[in-house]
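Student: just to be clear, the model below is a prediction. Sequence and coordinates:
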Amino acid sequence: MEFIEFLDKEELEIISIVEKAGYKTEENDPLCLLSERYVGFLKKKQKSIIICTDNIKKKGGYKILRTMRAKSEFEKTAIHMKKALRHEAVHVAQECNKGKLLDIGKKLSMNPAKNEALKGSTKISGEEEKERQAYILEDKPKMLKRELEKYCL
């Protein structure tokens, strides 16, 4: 899977926990063709995280050219890739918690720049608070790992 090459050690550990919980990761599912804005999905019944690698590469401006500019595009694309994986992994943790919100405390807040993305995600899932929690934790990989371990292992 191509998206793996954009990840760091922390995200690989997240994938390992997700797999131990019985979920698999897939890439570029037909769901990704719904819109170029979509970067990931959780298929609950199939227990599968979908990463829309092609959409993320377009969003990050990534091309396989070996230039200085390509290095910054790779880094930008990698950030989007990591956040997509973490976001969907939050939903795995929520599923491991019997489909409920995680107990992460009320003090954490979502970056207001993510409001539009939240609206789009909520339109698909119908679960605004779960999506808000996923947007909060996608920026906190260490906390996410703890939550996955707490609820899924």
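Tutor: Ah, there it is.
Student: what average pLDDT does the lengthiest helix in the chain get?
Tutor: Determined from DSSP state H, the single longest helix within the chain is helix 68-96. Mean pLDDT, helix 68-96: 92.
Student: which secondary structure elements does that helix sit against?
Tutor: With contacts defined as 3 or more C-beta pairs under 8 Å, 6 or more residues apart in numbering; DSSP states H and E, helix 68-96 has these neighbours: helix 9-20, strand 40-43, strand 48-51, helix 53-60, helix 128-137, helix 141-152. Placement of C-beta: from N, CA and C, glycine included.
Student: what angle do the last one and helix 68-96 make?
Tutor: Translated: helix 141-152. 30 degrees (axes from the mean of the first three to the mean of the last three C-alpha atoms, to 10 degrees).
Student: quick one, helix 141-152 and helix 128-137 angle?
Tutor: Going by the same axes, to 10 degrees, helix 141-152 makes 130 degrees with helix 128-137.
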